[in-house]
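S.K.: Whatever this is, show me its structure:
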Amino acid sequence: MLNLTPSNQNPIAMDAFESLQGLKSSSKPLRKRFVYGLLALLLIVLFLPWTQTIQADGTVSTLRPEQRPQEIQSLIAGRIEKWYVKDGDFVRKGDTILFISEIKESYFDPQLVGRSENQLKNKELSVRSYSDKVRSLDQRIDALIETGKLKLQQATLKIKQTQLKLSADSIEYSAGKLNYQVAKEQFERFEKLHKEGLKSLTELETRKVAQQRAQASMLQAQQKWMQSRNEISDARMELNAIETKFQDEVAKAESDKFTALSSMYEAEVEVSKLQSQVTNYSIRNGMYYVLAPQDGRIACTLTAGLGQTVKAGSQIASIMPSRYDHAVELFVRPMDMPLVHPGQVVRLQFDGWPALVFSGWPNSSLGSFPAKVLAIDQFTTDNGMFRLLVVPVKGQKSWPKALRVGGGAKGIMLLKTVPVWYEFWRVINGFPPDFYTKKTKSSKQK
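M.R.: Here you go, the predicted model:
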């Protein structure tokens, strides 16, 4: 049976254990003071200021597009004849990198530019000849117009003269009719008087002769009058003929003029084509030498040796510009995008540069570099992130000069400063950082 009664308890010798002796000898007030001090320190830390941050990864880039590594391309197809550079060479803008020869049969002629210039000169002379012909036709048309005006004036005067003659002949014809009528009446009276025996036969015959003469004069005047009428018709027909002939000659001259103008315009089109062709040939001759677009170092030649053909637009070599302004491309999550704005302060940590970073206390961090947000993309990239362009801040710590494009970087964007306990509470509950708004002065304060 178990010996559980109080009377049967066996006392334990506490002095036999050294650990129990140490516990007895420790001071309880010192332990309490340590625990209370730790709690006080923890409480003080909870009320210390903590800077909220957004962390993002990125790469080192350049601010301007022309300062980034680029490929040198051949604008025309050709055959490689000679290299003037090798990998790692430093070149100036305009230095020759490569010489290529022609491979298209339409450009094999070594005198192609000169022959094209001769064709252009001949076409220009043709244009000048057509221009002179048009000028001559203009002068001919002017002369025809002046001549036609004179002939029309002459025909008009002739019509007026004929009309005046017709008026005179009409008056003469009227007078002839009147004389014939008087002579006829006198003859009739003398004939009556002769029958009555009052006039002799001689007098009657004299009146008859006078009547016949008057009739002959009337008929002659009538013939002149009718002839004058015909002359008026002929003069009018001649005027119409002159106008028709004048119009035909002017129309023919104008037709020749328009034909010459059309030929001149066609020749001018040919001249423009030949000018463009000569210019293209001249420019193409200068494209046989591939030149460096800017100062930089040849990073890599992408085409093999001599004798190889290259296509138009194919990559020949890559060049790294000698001067460039550093920038960093950071990629942030869409969740953090509303908290970022242009001009926001960023602390950067570059690969290869040791740093001791306290995200909550940026002023206590070592090895980080200041920056600010310059631009923000409005659309996500292929990785589902928003791209930020970050640049150095003037007047503050400069970035390392040994940075190279393509190196890694990590950015810490500073947000609102809050107590430590609030940051613990936010992280535990999964809340986003607080929105940070820049304070702006009112118009009255300004």
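
S.K.: and stretch 90-110, what's its mean pLDDT?
M.R.: Averaged across stretch 90-110, pLDDT comes to 86.

S.K.: Count the neighbours of T162 for me.
M.R.: T162 sits with 19 neighbouring residues when counted by other C-beta atoms under 10 Å. Using the backbone N, CA and C atoms, a C-beta is placed for each residue, glycine as well.

S.K.: Where does it fall, secondary structure wise?
M.R.: helix 112-196 (DSSP states H and E).

S.K.: How about K82?
M.R.: Assigned by DSSP H and E, K82 falls in strand 78-83.

S.K.: Which neighbouring elements make contact with the helix or strand just after that strand?
M.R.: On the C-terminal side of strand 78-83, the nearest following helix or strand under DSSP H and E is strand 90-91. The contact analysis (3 or more C-beta pairs under 8 Å, 6 or more residues apart in numbering; DSSP states H and E) places strand 90-91 against strand 296-301.

S.K.: what angle do the helix or strand just after the helix holding T162 and helix 112-196 make?
M.R.: Downstream of helix 112-196, the first helix or strand assigned by DSSP H and E is helix 201-286. Angle between the axes of helix 201-286 and helix 112-196 is 170 degrees (criterion: axes from the mean of the first three to the mean of the last three C-alpha atoms, to 10 degrees).

S.K.: Give me the distance between the closest residue in space to Q294 that isn't next to it in sequence and Q222.
M.R.: Computed as C-beta to C-beta, 6 or more residues apart in numbering, the closest residue to Q294 that is not its neighbour in sequence is K93, at 5.0 Å. Counting by C-beta to C-beta, to the nearest Å, the gap from K93 to Q222 is 107 Å.

S.K.: Compare the two (neighbour count), which wins?
M.R.: The neighbour comparison of K93 against Q222 (other C-beta under 10 Å) goes to Q222, with 17 against 11.

S.K.: so who does that one touch?
M.R.: For Q222, the contact set (C-beta atoms under 8 Å, 6 or more residues apart in numbering) comprises Y173, G176.

S.K.: same for the strand holding K82, what does it pack against?
M.R.: Counting contacts by 3+ C-beta pairs under 8 Å, 6+ apart, strand 78-83 packs against strand 96-101, strand 309-310.

S.K.: could I get the ones you listed as JSON lines with mean neighbour count?
M.R.: Putting the helices and strands packed on strand 78-83 into JSON lines (neighbours: other C-beta atoms under 10 Å) gives the following:
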{"stretch": "strand 96-101", "mean neighbour count": "18"}
{"stretch": "strand 309-310", "mean neighbour count": "18"}
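
S.K.: Please name whichever of those strands is nearest to L157.
M.R.: With C-beta to C-beta, the closest approach to L157 among the helices and strands packed on strand 78-83 belongs to strand 96-101: 81.3 Å.

S.K.: Return the list of strands paired to that closest one, each annotated with direction.
M.R.: Strand 96-101 sits in its sheet next to strand 78-83 (antiparallel), strand 289-291 (antiparallel), going by DSSP bridges.

S.K.: for the record, mean pLDDT for stretch 139-153?
M.R.: Average pLDDT, stretch 139-153: 86.

S.K.: which of the residues in it are buried?
M.R.: Buried residues in stretch 139-153, counting neighbours by 16 or more other C-beta atoms under 10 Å, are found at R140, I141, L144, G148, K151.

S.K.: Tell me the one of those residues nearest F47?
M.R.: Of all the buried residues of stretch 139-153, I141 has the smallest distance to F47: 104.9 Å, by C-beta to C-beta.

S.K.: dump the residue contacts of the nearest residue to H194 once chain neighbours are set aside.
M.R.: Of all residues not flanking H194 in the chain, L204 sits nearest, at 4.6 Å (C-beta to C-beta, 6+ apart). Contacts for L204 (C-beta under 8 Å, 6+ apart) come out as F187, F190, E191, H194.

S.K.: Can I have the buried ones of these as a PyMOL selection?
M.R.: Per 16+ other C-beta under 10 Å, the buried members of the contacts of L204 correspond to this PyMOL selection:
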select buried, resi 187+190+194
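
S.K.: And the contacts of L204, which is closest to G78?
M.R.: Closest to G78, out of all of the contacts of L204 and judged by C-beta to C-beta, is F187, at 120.8 Å.

S.K.: That closest one reaches R213, doesn't it?
M.R.: No: using C-beta atoms under 8 Å, F187 is not in contact with R213; the gap is 11.3 Å.

S.K.: Just to check, F108 is in contact with S101?
M.R.: No: using C-beta under 8 Å, F108 is not in contact with S101, being 9.9 Å away.

S.K.: so where is this protein shaky, pLDDT-wise?
M.R.: 1-29, 50-52, 355-367, 416-418, 423, 430-446 (pLDDT under 70).

S.K.: spatially speaking, which residue is in the middle of the chain?
M.R.: S276 (19.8 Å; C-alpha atoms, centre = their mean).

S.K.: elements contacting the top strand by length along the chain?
M.R.: The longest strand of the chain (DSSP state E) is strand 49-62. In terms of contacts (3+ C-beta pairs under 8 Å, 6+ apart), strand 49-62 is packed against strand 326-332, strand 386-391, strand 408-419, helix 420-429.

S.K.: change it to 10 Å
M.R.: strand 326-332, strand 345-350, strand 386-391, strand 408-419, helix 420-429 (3 or more C-beta pairs under 10 Å, 6 or more residues apart in numbering; DSSP states H and E).

S.K.: Ok, which of the ones you listed comes nearest A251?
M.R.: Each of the helices and strands packed on strand 49-62 has some distance to A251 by C-beta to C-beta; the shortest is strand 386-391, at 73.0 Å.

S.K.: Name every strand pairing with that closest one and say which way it goes.
M.R.: Applying DSSP bridges, strand 386-391 is found paired with strand 326-332 (antiparallel), strand 369-380 (antiparallel).

S.K.: Export those strands to CSV and append columns for distance to K311.
M.R.: Formatted as CSV, these follow (distance: least, C-beta to C-beta, whole Å):
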stretch, distance to K311
strand 326-332, 32
strand 369-380, 34
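
S.K.: Need the winner for burial among those strands.
M.R.: Among these, ranked by average contacts under mean count of other C-beta atoms under 10 Å, first place goes to strand 326-332 (a mean of 22).

S.K.: Distance from that one to the middle of the chain?
M.R.: 32 Å (C-alpha atoms, centre = their mean, to the nearest Å).

S.K.: so it versus strand 345-350, what angle?
M.R.: 100 degrees.

S.K.: picking that back up, now the residue nearest to the centre of the chain: how far from L41?
M.R.: Counting by C-beta to C-beta, the gap from S276 to L41 is 84 Å.

S.K.: With E196 instead?
M.R.: Separation of E196 from L41 (C-beta to C-beta): 184 Å.

S.K.: swap in E117?
M.R.: E117 sits 92 Å away from L41, going by C-beta to C-beta.

S.K.: Tell me which of those two has more neighbours.
M.R.: Taking other C-beta under 10 Å, E117 and L41 do not tie; E117 has more neighbours (17 against 10).

S.K.: Perfect, I'm done here.
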